[in-house]
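Asker: Just to be clear, the model below is a prediction. Sequence and coordinates:
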Amino acid sequence: MSRVYNFSAGPAVLPEEVLKEAQADLLDYKGCGMSVMEMSHRSSMFNDIIVEAEKDIRTLLSIPDNYKVLFLQGGAWTQFSAVPMNMMNKHHKAGYITTGQWATKAYKEASKYGEVVELASSKDKNYTYIPDCSDLPITDDMDYVYICQNNTIYGTEYWELPNTKGVDLVADVSSDFLSRPMDVTKYAVMYGGVQKNIGPAGLAISIIRDDLITDDVYPNTPTMLMWKTQADKDSLFNTPNCWGIYMCGLVFKWLLKNGGLEGIAKKNADKAKILYDYLDQSKLFKPTVTDKKSRSNMNVPFVTGDKDLDAKFVAESKAAGLENLKGHRTVGGMRASIYNAMPKAGVEKLVTFMEDFEKKNLK
C-alpha cells in the first residue's frame, strides 16, 4: 500500500491509525457480525457508539452541561439557514462579519429571515486579513453576531474572538474544529462540518447553549431545521449518519490518546511554522496572507505570481505524491491544508519539494 500526502481542503486527510481501525471493524463491529453501516440506529450497540462519541467530544472541549451536542446531517450549509431560523426570534436582526466566501454565503442566507448587518469585512483586500473586531457597531437589538472562524479558501483565522458587547456569538468552526483548545462558554453556538479535521463528509456537529433550543423559531421552520427536534431525541429523531458518527468517535479517541487539544494545537503550530518560515524567506513562493496575526494554521495559500509556473508546480508535486495542492479559483496558485491528521513529515516533504522546485525554476 502506498499512501500520498493529501493536502485537500476537504474532504481531507484522516489519521491512518483511525482508518486502519475502521477497516478492521468494517465487516464485523465488535463481534456483532455486521458493519456499523448496517446496524439500526435504534440498537443498543449504536446507542453506545453515539453516547461514547458525545462523551469524548465533551471531554476534549470541556463542554459545560448547559450546552447540547448535536450530530446533524446537511453539513455546515444547512446551519446557514438553521441559525437564523432558530435565533432571529426576538429582534429579527443579526450582525455578520464577512471574512471570506463562507461567511458571505451565510450572510446572504440569513438575509432571507430578517435584517442582517455587515459589521465588518475584509473584502477590500480579497479576504487576506481578519478585521479589527474590538469595537464593532453592534447594537442591543441584534439577536446574535456571526463569524466564520477559519477561512479555508483564503487562509485566515480568528485568533481573538470579536468583542460582541454581550450579544450571543455564533461561529462556523468547520475548518479549525478541534484543532486547538476553545472556550465553549464564549460562544452561544459553534458548529462545523466534520470533513476537514474530524471525519468523513456528510455530518455536522453543533454545540448549542440550552436556552437557545426552544419552540420559539422562525414561522414555518422545517421540522428538521429546528434544533429542538434533534435535541429532544439526542440526535436520533431520524436515521443519522451512523458511519460518520462512528468515525468521528474514533478520531475523538485518537485526539485524547495524543495529548488532547493542547497536544494537537502544538503539533499544528509546529507544522504551520515550518511552512510559513519557508514561504517568508522564499524568492519564488509568496504567502497570500502577509498579515501574520491573521494567518491560519489549517490552510496556507501561496503563489508564484506566474500562472503557468503554478500549474507546473501542481502537476510536479502531484507526481511526487503531494496531492490536492491546487488553490481555490478565487485565490489561484496553491493551497496546503495541514489539518490535524497531516503528519509533520508531510509538511517537511512539501517544503523540501518547494525548495528543489525553487532552485530549478527561479529566474
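Answerer: Sure thing, it's come through. Quick caveat: nothing in here was measured; it's all calculated off a predicted structure.
Asker: Would you confirm that residue 122 contacts residue 103?
Answerer: No: Residue 122 is beyond contact range of residue 103, at 9.5 Å (criterion: Cβ atoms under 8 Å). (Each C-beta comes from the backbone N, C-alpha and C, glycine too.)
Asker: Got the phi and psi for the nearest residue to residue 113 once chain neighbours are set aside?
Answerer: Distances taken as Cβ to Cβ, 6 or more residues apart in numbering place residue 84 nearest to residue 113, at 4.2 Å, with adjacent residues excluded. Reported as degrees, to the nearest 10, the phi and psi values for residue 84 are phi -70, psi -30.
Asker: For residue 84, the count of nearby residues, please.
Answerer: Other residues near residue 84 number 28, with proximity taken as other Cβ atoms under 10 Å.
Asker: Next, the contact list for residue 100, please.
Answerer: Contacts of residue 100 were listed using Cβ atoms under 8 Å, 6 or more residues apart in numbering, and they are 122, 127, 148, 151-154, 156.
Asker: Which residue is the nearest non-sequential neighbour of it?
Answerer: Counting by Cβ to Cβ, 6+ apart, residue 151 is the residue found nearest to residue 100 once chain neighbours are left out, at 3.6 Å.
Asker: Tell me the pLDDT of the residue nearest to residue 113.
Answerer: Note on residue 84: pLDDT of 97.
Asker: quick one, what contacts it?
Answerer: By Cβ under 8 Å, 6+ apart, residue 84 lies in contact with 94, 109-110, 112-114, 218.
Asker: Of the residues you listed, which one scores lowest on pLDDT?
Answerer: Of all of the contacts of residue 84, residue 218 carries the lowest confidence score, 93.
Asker: secondary structure element for the closest residue to that residue other than its chain neighbours?
Answerer: Nearest residue to residue 218, sequence neighbours excluded (Cβ to Cβ, 6+ apart): residue 85, at 4.2 Å. The secondary structure element spanning residue 85 is helix 75-87 (assigned by DSSP states H and E).
Asker: Could you list the domains of the chain?
Answerer: According to automatic domain parsing, the chain is divided into the following domains: 30-257, 260-361.
Asker: tell me which element residue 336 falls in.
Answerer: Secondary-structure element containing residue 336, defined by DSSP H and E: strand 334-337.
Asker: ok, then the element right after that strand?
Answerer: Stepping forward along the backbone from strand 334-337, the first helix or strand reached (DSSP H and E) is helix 344-361.
Asker: Count the residues that sit near the residue nearest to residue 100.
Answerer: Taking other Cβ under 10 Å as the neighbour definition, residue 151 ends up with a count of 29.
Asker: Surely it touches residue 298?
Answerer: No: with contacts defined as Cβ under 8 Å, residue 151 does not count as touching residue 298, sitting 9.4 Å away.
Asker: shared neighbours of the two, which are they?
Answerer: With the criterion set as Cβ under 8 Å, 6+ apart, the overlap between the contacts of residue 151 and residue 298 is 157, 175.
Asker: Is it possible to mark the buried ones in the contacts of residue 84?
Answerer: Among the contacts of residue 84, those scoring as buried are 94, 109-110, 113-114, 218 (criterion: 16 or more other Cβ atoms under 10 Å).
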